[in-house]
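**Q** Fold the following.
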Amino acid sequence: MITLYSFGPFMGTPDSSPFVMKVMVLLKMAGLPHQIVRGNPLKGPHRLLPYIVDDGVTVPDSTLIRLHIERKYNLDFDATLPPYQRATAWAVERMCENHLYFAMLEARWIDDGNFKAGLGRYMFGQAPAPARPLVKAVLRRMNAKRLQGHGLGRHSPDVIIDLARRDIDALAATLADKCYLMGDTPCAADASAWAITTAILTPPLNTPLRESMAARANLVGYRDRLAAQYFP
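**A** Modelled structure (predicted):
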């Protein structure tokens, strides 16, 4: 039995983290028995969530979890894809996780209004009430440093949104009118793309980032379609 360590449900979505939701979908795609429990990121191998424990083996990071699943269980999430589509799917996944995600991180953690209405209100119930203000402040500083280290956080909010819109446009163009990113069959990149789309569309992200995503009818439909498939 695989145990997935998560943050927990968030405002109608399976988890507050798109990386946790990505792993949830991968496990469902693979048809592997698993359980989901709330975890403490500070106890994880990389001091982040998600991570899994599989027969005593601990695996951090959603991408390493994917590779572990494919190797141990002799699976290939991209088995139906020709080489050029494999390459495209990987590029889309990296765009979602290594660029668009950080724009969402800025909107969720740095913007005071979004933080108070979203993560600050719903994410810290497990922390003792007297410690919550300190925990929130520490984590906001940590995420600000992550954004600075990534480089996106060195730009103004307007520039971040402009760059993120290019990601959203590219994602919508790649999906077009298909059921899944690469056609009629889901692949690993769908887990990533669906998770980040879901996270950005989750209220109360009061930002042009959410407005841009919501304006792409095919991405909204994609979010709804895969949610019904994997989280009925």
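
**Q** contacting residues for residue 115?
**A** 108-109, 136, 140 (CB atoms under 8 Å, 6 or more residues apart in numbering). For glycine as for every other residue, the C-beta is placed from the backbone atoms N, C-alpha and C.

**Q** Which members of the residues you listed define the maximum pairwise distance?
**A** The distance between the two most remote of these (CB to CB) is 12.4 Å, for 108 and 136.

**Q** residues in contact with the least confident helix or strand in the chain by mean pLDDT?
**A** Lowest on mean pLDDT, DSSP states H and E among the helices and strands of the chain sits helix 119-122, with a mean of 79. With CB under 8 Å, 6+ apart as the test, helix 119-122 has contacts from 10-11, 16, 108-109, 136.

**Q** Let me know the closest of those to residue 91.
**A** Nearest to residue 91 among the contacts of helix 119-122, with distances taken as CB to CB, is residue 108, at 24.6 Å.

**Q** close enough to count as contact, that closest one and residue 123?
**A** No. Taking contacts as CB atoms under 8 Å, residue 108 lies outside contact range of residue 123: 9.6 Å.

**Q** Please list the members of the contacts of residue 115 that lie in helices.
**A** 136, 140 (DSSP state H).

**Q** now, among the contacts of residue 115, which is nearest to residue 193?
**A** Relative to residue 193, and with distances defined as CB to CB, the nearest of the contacts of residue 115 is residue 108, at 18.2 Å.

**Q** What about the closest one, how many residues nearby?
**A** Residue 108: 22 surrounding residues under other CB atoms under 10 Å.

**Q** and the gap between the closest residue to residue 8 other than its chain neighbours and residue 183?
**A** With sequence-adjacent residues excluded and distances taken as CB to CB, 6 or more residues apart in numbering, residue 8 is closest to residue 38, at 5.1 Å. Using CB to CB, to the nearest Å, one obtains 36 Å as the distance from residue 38 to residue 183.

**Q** so which strand or helix has residue 192?
**A** Using DSSP states H and E, the element containing residue 192 is helix 188-201.

**Q** That should have said residue 58, apologies.
**A** strand 57-60.

**Q** Check the offset of that strand from the chain's centre.
**A** Distance of strand 57-60 from its chain centroid, counting by CA atoms, centre = their mean, to the nearest Å, is 19 Å.
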